[in-house]
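Novice: Next one to model:
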Amino acid sequence: MSKINKLSSKIYNRIAAGEVVERPFSVVKELVENSLDAGATNITIDIENGGITSIVISDNGCGIEKSDLKNALLPHATSKISSLSDLDNISSFGFRGEALASIASVSKISILSKPENQEYGANISANGGVIDKITDSPSVNGTTITVNNLFFNTPVREKFLHSERAEEGEITNTVARFILGNPNVSIKYTANGKTIYQSYGEGLESAMACVYGVKILDDCFYINTDKNGINITGYVSKHYFTKSNRSSQTVFINNRYIVNQTISSAISNAYSSYLMKRQYPFY
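Specialist: From the prediction side, this is the model:
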């Protein structure tokens, strides 16, 4: 019979990372959600080579205190919940306390952060899960997280990454959803030095124009209604404006992107008398 071994943190963190950090877009998703949870109103996202070489997320959120920086990179450490009862009333995007630790275990990461009440910023870095010392560093209020060489120490996962162009495409789709789901937050996204999106936090109409272009607004009806205690806001296409697939159908509940077949079917049925075969409404 094989002996049962208790795994070291270095091993189980790398295994756990596979559940959280599937591909570069997963890193962007987790880090931007942390920025939103920190109350950021201005977020910049910069990637290189599909996020495989570099991902940099900067925000003007509440920041992380110097004394908490090391905890931020430890597994099962979070500022979002503190008791079992908190799980029944979660309003934040993140709460598991796994994202930063998982990212740190499969990349070279650095965090530079400064809360408003702290005179100087502080910096911490980790290489494949090995955490370095905290150092003081000049910084504006907020947090900047840099992730380099994703999966450098897990070649098996690196082997299954798609092309840099495909990975960039997934990140672009993820950022577009953040812009649409958080229209009051300014988000700038650049890839390989080229600006892809720049929203200004000026509301849903502005966010729509940023992602789809200004003309899209002429082809849509604006909806803002209350029904059974639920507020529904958004844009749906006019009867003549259709798409060849469902990729432009986007739904958010409490600013969180979801895929829901009931909603999709209900909207498609409402358009059924107008749709040609293999054509789908935009919303």
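Novice: contacts and neighbour counts: CA atoms only from here.
Specialist: Noted.
Novice: After the least confident helix or strand in the chain by mean pLDDT, heading C-terminal, what element do we hit next?
Specialist: In the chain, no helix or strand scores lower on mean pLDDT, DSSP states H and E than helix 9-20, which sits at a mean of 60. Tracing the chain past helix 9-20, the next element assigned as helix or strand by DSSP states H and E is helix 24-37.
Novice: got a list of what Glu48 touches?
Specialist: Ser54, Ile55, Ala191, Asn192, Gly193 (Cα atoms under 8 Å, 6 or more residues apart in numbering).
Novice: if I look at it, how far off is Val147?
Specialist: 11 Å (Cα to Cα, to the nearest Å).
Novice: list the residues that contact both of the two?
Specialist: Residues touching both Glu48 and Val147 (Cα under 8 Å, 6+ apart): Ser54, Ile55.
Novice: one step back: so how do I select the buried members of the contacts of Glu48 in PyMOL?
Specialist: Only the buried entries of those go into this PyMOL selection, using 16 or more other Cα atoms under 10 Å:
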select buried, resi 54+55+191
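Novice: of all the contacts of Glu48, which comes closest to Thr242?
Specialist: Nearest to Thr242 among those: Ala191, at 29.3 Å, using Cα to Cα.
Novice: so that closest one touches Ile47, yeah?
Specialist: Yes. Under the criterion of Cα atoms under 8 Å, Ala191 makes contact with Ile47 at 4.9 Å.
Novice: State which helix of this protein is the longest.
Specialist: Assignment by DSSP state H gives helix 164-181 as the longest helix of the chain.
Novice: For burial, what's the neighbour tally of the nearest residue to Ile216 once chain neighbours are set aside?
Specialist: In space, and not counting its chain neighbours, Ile216 is closest to Ala209: 7.0 Å by Cα to Cα, 6 or more residues apart in numbering. Neighbour count of Ala209, defined by other Cα atoms under 10 Å: 15.
Novice: Following the host helix or strand of Ala209 in sequence, what is the next regular element?
Specialist: Per DSSP H and E, Ala209 falls inside helix 204-212. As assigned by DSSP H and E, the chain's next helix or strand after helix 204-212 is strand 220-227.
Novice: would you list every one of the strands in the stretch 51-200 of the chain?
Specialist: 54-59, 108-114, 121-127, 130-131, 135-137, 142-148, 186-191, 194-198 (DSSP state E, counting those that start in this stretch).
Novice: Just want the angle from the third one to strand 142-148.
Specialist: Inter-element angle recorded for strand 121-127 and strand 142-148: 20 degrees (by axes from the mean of the first three to the mean of the last three Cα atoms, to 10 degrees).
Novice: what packs against strand 121-127?
Specialist: If contacts are counted by 3 or more Cα pairs under 8 Å, 6 or more residues apart in numbering; DSSP states H and E, strand 121-127 sits against helix 69-72, helix 99-105, strand 108-114, strand 135-137.
Novice: Okay, now the unreliable bits of the stretch 51-200 of the chain?
Specialist: Applying pLDDT under 70 to the stretch 51-200 of the chain flags residues 76-97.
Novice: Now for Lys243: which residues touch it?
Specialist: Gln279, Tyr280, Pro281, Phe282.
Novice: which one of those residues is nearest Asn184?
Specialist: Phe282 (22.0 Å).
Novice: So the closest one versus Ser237, what's the distance?
Specialist: Distance, Phe282 to Ser237, by Cα to Cα: 5 Å.
Novice: quick one: which of the two has more around it?
Specialist: In terms of neighbours (other Cα under 10 Å), Phe282 is the more surrounded of Phe282 and Ser237; the figures are 24 against 20.
Novice: Now do Glu22, the pLDDT please.
Specialist: Per-residue pLDDT puts Glu22 at 86.
Novice: That one: what's it in contact with?
Specialist: Counting by Cα under 8 Å, 6+ apart, Glu22 has no contacts.
Novice: mind checking how far it is from Ser273?
Specialist: Glu22 sits 41 Å away from Ser273, going by Cα to Cα.
Novice: isn't Ile47 right up against Thr190?
Specialist: Yes. Between Ile47 and Thr190 a contact is recorded at 6.5 Å, counting by Cα under 8 Å.
Novice: between the two, who's got more neighbours?
Specialist: Ile47 (25 against 17).
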